[in-house]
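Q: What shape does this take:
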Amino acid sequence: MIVNRYSIVALVCSAMLLGCSSSDESQQAQQNEQQSAPSTDAEYVQQATFTDLEGNEVALSDFKGKVVLIDFWETWCKPCLASFPTMQKVQEEYPESFEVLAVTPGFTDTRDDAKSFAEDHDYTFTYLIDSNNLHQKLGVQGIPFKVYVDAEGNFIEKSMGTAGPQGDYEKLKKIIQKHKQM
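A: So this is what the prediction gives:
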C-alpha cells in the first residue's frame, strides 16, 4: 500500500512537471512568434505581399533593386487618378530604377473594377490587390495614400494626399535620386 501511495505521488508530480514544461514551451513559442511578427510600419511594408489581377501572389521583395511607390487608390478617387499621369511620367523617366505598385485596398473596388481600369488605360503600373490588408496595418484612413520604399526594400516614408502634379513629381524624383541603387 505504501509503495502504491509513493507511486501515485510520483506519477502526479511527473504529470505536473510535464504540464509545466509544455506550458512553458507554449509560452516561449508564443513569445517567439510575437517577437518575429511585424509590429512597425517598416516591418509591415518590408514583408508586404499582394495579389495581382490574375490571382498570383506578389511580394514587395520581388522589386528589389528599384525604388517602389506603393500607391493605394481606387477607381472612383479623383485625386488618385489625377496623380497617375505624374507617376507614369516618372516611371518612364526611371524605367530601370522605379516601379509603381497601384494597390487597391478594396474599400469599394473589386478585382474586376481594377482590372477594367487597367485594361482601359495605358499606365504601365503593376496593379495589385491588398489581399493581406497592409492598408489596415498602416492605418490608412483615406486615399490617395503613398508608401515609399528604397531599392533595398526598406521603408522610407508614408503620406496621404497629393501635393499636385508638380509637387508629386519633384518629391518622387528626389526620393528616387536619393534611394536608387548606384
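Q: which residues in this structure form strands?
A: According to DSSP state E, the chain carries its strands in the segments 49-52, 57-59, 67-72, 98-104, 126-129, 145-149, 155-160.
Q: which ones are touching the residue nearest to residue 151 when sequence neighbours are not counted?
A: Sequence neighbours aside, residue 181 is the residue nearest to residue 151 in space, at 4.3 Å (criterion: CB to CB, 6 or more residues apart in numbering). For every residue, glycine as well, the C-beta is placed using N, CA and C. Contacts for residue 181 (CB atoms under 8 Å, 6 or more residues apart in numbering) come out as 65, 97, 151-152.
Q: Buried ones among those?
A: 97, 151 (16 or more other CB atoms under 10 Å).
Q: what bridges to the closest residue to residue 142 other than its chain neighbours?
A: Take residue 142 and drop its neighbours on the chain: the residue closest to it by CB to CB, 6+ apart is residue 160, 6.1 Å away. Beta-bridge partners for residue 160, by DSSP bridges, are residue 145.
Q: Distance-wise, check residue 160 relative to residue 75.
A: Residue 160 sits at a distance of 18 Å from residue 75 (criterion: CB to CB, to the nearest Å).
Q: Specify which residue of the two has the higher count of neighbours.
A: Neighbours per residue, other CB atoms under 10 Å: of residue 160 and residue 75, the larger number sits with residue 75, 17 against 13.
Q: residues contacting that one?
A: Residues in contact with residue 75 (CB under 8 Å, 6+ apart) are 81, 104, 109, 113-114, 116-117.
Q: ditto for residue 67
A: When contacts are counted by CB under 8 Å, 6+ apart, residue 67 is found next to 94, 97-99, 148-151, 175-176, 179-180.
Q: Flag the shaky bits of the chain, pLDDT-wise.
A: Across the chain, the stretches falling below the confidence threshold (pLDDT under 70) are 1-38, 182.
Q: Give me the most central residue, it.
A: residue 48 (3.0 Å; CA atoms, centre = their mean).
Q: Excluding chain neighbours, what is closest to that one?
A: Nearest non-adjacent residue to residue 48, counting by CB to CB, 6+ apart: residue 60, 4.4 Å away.
Q: ok, now residue 113?
A: The shortest distance from residue 113 to any residue that is not its chain neighbour, by CB to CB, 6+ apart, is 5.3 Å, and that residue is residue 75.
Q: The closest residue to residue 107 other than its chain neighbours: neighbour count?
A: Nearest residue to residue 107 in three dimensions, chain neighbours excluded: residue 74, at 5.8 Å (CB to CB, 6+ apart). When neighbours are defined as other CB under 10 Å, residue 74 has 19 of them.
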